[in-house]
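In: need coordinates for the below:
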Amino acid sequence: MSMPPPGPGGPHGYPGQPPHDQPTQQFGPLSGYPDYERPAAPPQFTPGGPPQRPPISRAFTAIWTLSAVSLAATVLGLTLNENGHTAWDSVHAWGGVAILGAVLTVTPAVGHSFGLTSERAWQIAACGAGALVLYWVLFVLPGVGTNTSLLTTVGAATGVIAVWIAPGRDAVADSTGAPGADPGAAAPGPQGHTW
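Out: Okay, the predicted model is just below:
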């Protein structure tokens, strides 16, 4: 049996195509790039329906709830009319700082959606809680006898509690050498001190 004569692409068929009996050329990993990992297989559907999502932890549910209460109470404390005026009449842009602080307290629950580590998400939420406390000390504490100040106090307190129970706080304390952290793990400061 004779072979057909090579065509325009040579014995391989089309130009640039390897022979059918030889494997294609494989390249090794490129230097400077991370190894490519094949994505996991898509979830297989079972006769009972789509695969079940893992349940949301109680901590994240508590953070969502406390942050929502913080935001609602802060906004209501700023906008409700009492004795003929609202808190916006006297606090101006500081009310925006308080609202932003209340919004930031939910960061530990949603930080993974933005690619944040739990430590970074906690730090952002702690800044939000700090803004709430600052607003409370500057504007709410002097007029603590009003009904709207009670709402704002509830907003600040629930925001601080949301941050207190959030994951990431322990890791931040361990990396800074805070009380409760391993003192041997702290990097020595000037003249070898580990304070």
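
In: check the spacing between residue 108 and residue 77 real quick.
Out: Separation of residue 108 from residue 77 (C-beta to C-beta, to the nearest Å): 23 Å. Placement of C-beta: from N, CA and C, glycine included.

In: hey, which helix is longest across the protein?
Out: Longest helix of the chain, by residue count under DSSP state H: helix 58-79.

In: shouldn't residue 82 be in contact with residue 147?
Out: Yes. Contact criterion C-beta atoms under 8 Å: residue 82 and residue 147 qualify, at 5.9 Å.

In: the two: who's more crowded?
Out: Higher neighbour count among residue 82 and residue 147: residue 82, with 13 against 10, using other C-beta atoms under 10 Å.

In: quick one, what contacts the nearest residue to that one once chain neighbours are set aside?
Out: Nearest residue to residue 82, sequence neighbours excluded (C-beta to C-beta, 6 or more residues apart in numbering): residue 148, at 5.1 Å. Each residue near residue 148 by C-beta atoms under 8 Å, 6 or more residues apart in numbering is listed here: 76-78, 80, 82, 86-87.

In: nearest to residue 96, of those?
Out: Proximity of the contacts of residue 148 to residue 96 (C-beta to C-beta) peaks at residue 78, which lies at 9.2 Å.

In: contact partners for that closest one?
Out: Residues near residue 78 by C-beta under 8 Å, 6+ apart: 86-88, 91, 95, 98-99, 148, 152.

In: would you list those residues in CSV and tack on pLDDT, secondary structure and distance to residue 169?
Out: CSV is the format used below for those (pLDDT from 0 to 100; DSSP: H, G, I helix; E, B strand; the rest coil; distance: C-beta to C-beta, whole Å):
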residue, pLDDT, secondary structure, distance to residue 169
86, 92, coil, 35
87, 91, coil, 30
88, 91, helix, 33
91, 93, helix, 29
95, 95, helix, 28
98, 97, helix, 22
99, 97, helix, 23
148, 92, helix, 30
152, 95, helix, 24
